[in-house]
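I would like to see how this sequence folds:
(one chain, ligands or ions: 1)
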Amino acid sequence: MKLTAFVLAAVLSVHGALDAKIKAKGKKYYGNIIDSNTINTAQVTNILNTEFGAVTPEYSMKWEATEPNQGQFTFANADAVANWASSRGKLLRGHTLLWHKQLPGWVSNIIDKSTLTQVIRDHINAVVGRYKGKVYAWDVVNEVLEDNGNFRNSVFYRVLGEDFVDLAFRTARAADPKAKLYINDYNLDYNGPKINATIALIKRLKARGTPIDGVGTQAHLIVGNLAPFDETLKRLASTGLDVAITELDIRIAKPVDAAKLAQQQKDYATVTRSCLTTPRCVGITIWGVSDRNSWVDGTFPDYDSPLLWDDDFREKSAYTGVDNALN
Ligand code: XIL
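Numbering: from 1, shown residues only. So this is what the prediction gives:
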């Protein structure tokens, strides 16, 4: 017994294995993403195997990937991720069922309620049904609100109004009763109309008995710019839902220098500690292993270096920030 405790303490104070350390603090996982672009890259899969306990497919479960044409489902890449996870005992987060981006034109062009209702049901039944029992949590709806707190003018909202959210959650619950069902969004890291509207929407959903289990905060952050992170995470938890940090990265305005990397180390520690001190926070997913594969390069060309490993898969000081917070 004593020896076990000693060995455990020794394991926890050594460098590395973020997932084991966060689990020792009562959380469910420290996760990352994987998809067809990285699944055959040994440096990525080695890091995922040793450091992370959950994976999210970066793109292959999105609508354009799973149902590019009505009723024609393509699951090869998504299956590969699901099999990768289950064969290694990793949790799988499903991402995402309804999103206005990476959505095929045949869906965006629908104009009548009954057609869109049936299309949503068919899509969710097919995708959630295929991975039934294998997905720990689904991002059921993604980015449904604007920064000003209004509903985004997506096809879903235009045609169905707010009811589309309830429809999506109810359909997903029926298709996989054990999966945790999440609303997911970005810019929930700051106080203002968006987080207020998100919390209000969650309250309405709960009041209507809509089956929702969690709120995901993407946390695409900027170095040196996350003062209220801990407060906003706790505000999300005050809804009574599980909370997950679902797409964490902390990008640096170019040019990257030592001072900014040092701030990034602090910021990664801040986010990790916020989850640790928020009882309803179940885990953290980082949106990429190596800076080499990050979406930031293409999406925010004035920024760089958002992750824990650099372009050559060397550990950055950001990694130490996470590790220190967990030790
Ligand atoms: C991004 C992926 O990283 C890219 O590979 C893809 O081309 C576009 O989507 N919010 C989300 C994620 O919910 O799905 C997005 O991922 C990043 C922003």
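
hang on, isn't residue 303 packed against residue 252?
Yes. With contacts counted by C-beta atoms under 8 Å, residue 303 reaches residue 252, the gap being 6.1 Å. For the C-beta atoms, the positions are set from N, CA and C on the backbone; glycine is no exception.

who has more neighbours out of those two?
Applying other C-beta atoms under 10 Å to residue 303 and residue 252 shows that residue 252 carries more neighbours, namely 23 against 19.

sec struct for that one, please.
Three-state call for residue 252 (DSSP: H, G, I helix; E, B strand; the rest coil): strand.

so what's it up against?
Shown in contact with residue 252 (C-beta atoms under 8 Å, 6 or more residues apart in numbering): 222, 223, 260, 261, 264, 303, 304, 305, 306.

next one: residue 168
Contacts of residue 168 by C-beta under 8 Å, 6+ apart are 97, 98, 120, 124, 140, 141.

tell me where this protein has strands.
29-34, 54-57, 91-98, 137-142, 180-185, 214-217, 220-222, 242-253, 281-286, 303-304 (DSSP state E).

as JSON lines, those with distance to residue 74 and mean pLDDT would be great.
Below are the strands of the chain laid out as JSON lines (distance: least, C-beta to C-beta, whole Å; pLDDT from 0 to 100):
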{"stretch": "strand 29-34", "distance to residue 74": "18", "mean pLDDT": "98"}
{"stretch": "strand 54-57", "distance to residue 74": "13", "mean pLDDT": "98"}
{"stretch": "strand 91-98", "distance to residue 74": "16", "mean pLDDT": "98"}
{"stretch": "strand 137-142", "distance to residue 74": "19", "mean pLDDT": "99"}
{"stretch": "strand 180-185", "distance to residue 74": "23", "mean pLDDT": "99"}
{"stretch": "strand 214-217", "distance to residue 74": "25", "mean pLDDT": "99"}
{"stretch": "strand 220-222", "distance to residue 74": "27", "mean pLDDT": "98"}
{"stretch": "strand 242-253", "distance to residue 74": "24", "mean pLDDT": "98"}
{"stretch": "strand 281-286", "distance to residue 74": "24", "mean pLDDT": "99"}
{"stretch": "strand 303-304", "distance to residue 74": "32", "mean pLDDT": "98"}
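
redo the ones you listed as a markdown table? Include distance to residue 128.
As requested, these are exported to a markdown table (distance: least, C-beta to C-beta, whole Å):
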| stretch | distance to residue 128 |
| --- | --- |
| strand 29-34 | 19 |
| strand 54-57 | 14 |
| strand 91-98 | 7 |
| strand 137-142 | 7 |
| strand 180-185 | 9 |
| strand 214-217 | 15 |
| strand 220-222 | 25 |
| strand 242-253 | 17 |
| strand 281-286 | 19 |
| strand 303-304 | 34 |
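
reformat the ones you listed as JSON lines; add distance to the ligand.
Shown next, in JSON lines, are the strands of the chain (distance: least, C-beta to the nearest ligand atom, whole Å):
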{"stretch": "strand 29-34", "distance to the ligand": "7"}
{"stretch": "strand 54-57", "distance to the ligand": "9"}
{"stretch": "strand 91-98", "distance to the ligand": "6"}
{"stretch": "strand 137-142", "distance to the ligand": "5"}
{"stretch": "strand 180-185", "distance to the ligand": "7"}
{"stretch": "strand 214-217", "distance to the ligand": "9"}
{"stretch": "strand 220-222", "distance to the ligand": "6"}
{"stretch": "strand 242-253", "distance to the ligand": "6"}
{"stretch": "strand 281-286", "distance to the ligand": "11"}
{"stretch": "strand 303-304", "distance to the ligand": "14"}
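
so which of the ones you listed is nearest residue 41?
In terms of C-beta to C-beta, the element of these nearest to residue 41 is strand 29-34, at 9.5 Å.

what sits up against the closest one?
18-19, 21-23, 44-45, 47-48, 51-58, 81, 84, 90-91, 93, 136, 282-289, 322.

returning to what we had before: now that we have the contacts of residue 168, which one has the most neighbours?
Neighbour counts for the contacts of residue 168, by other C-beta under 10 Å, peak at residue 140, which reaches 30 neighbours.

now that residue: how far from residue 231?
26 Å (C-beta to C-beta, to the nearest Å).

quick check, residue 28 in contact with residue 283.
Yes. In this structure residue 28 lies within contact range of residue 283 using C-beta under 8 Å: 4.7 Å.

overlap in contacts of these two?
Taking C-beta under 8 Å, 6+ apart as the criterion, residue 28 and residue 283 both touch residue 54.

which one's more surrounded, the two?
Just comparing residue 28 and residue 283: by other C-beta under 10 Å the higher neighbour count belongs to residue 283, 24 against 20.

what's the nearest residue to that one if we skip its chain neighbours?
The spatially closest residue to residue 283, leaving aside those adjacent along the chain, is residue 29, at 4.1 Å (C-beta to C-beta, 6 or more residues apart in numbering).

and the one you found, how many neighbours?
The number of residues near residue 29, taken as other C-beta under 10 Å, comes to 23.

what is the neighbour count of the closest residue to residue 146 other than its chain neighbours?
Spatial nearest neighbour of residue 146, chain neighbours left out: residue 152 (5.3 Å); criterion: C-beta to C-beta, 6+ apart. Using other C-beta under 10 Å, the number of residues around residue 152 comes to 15.
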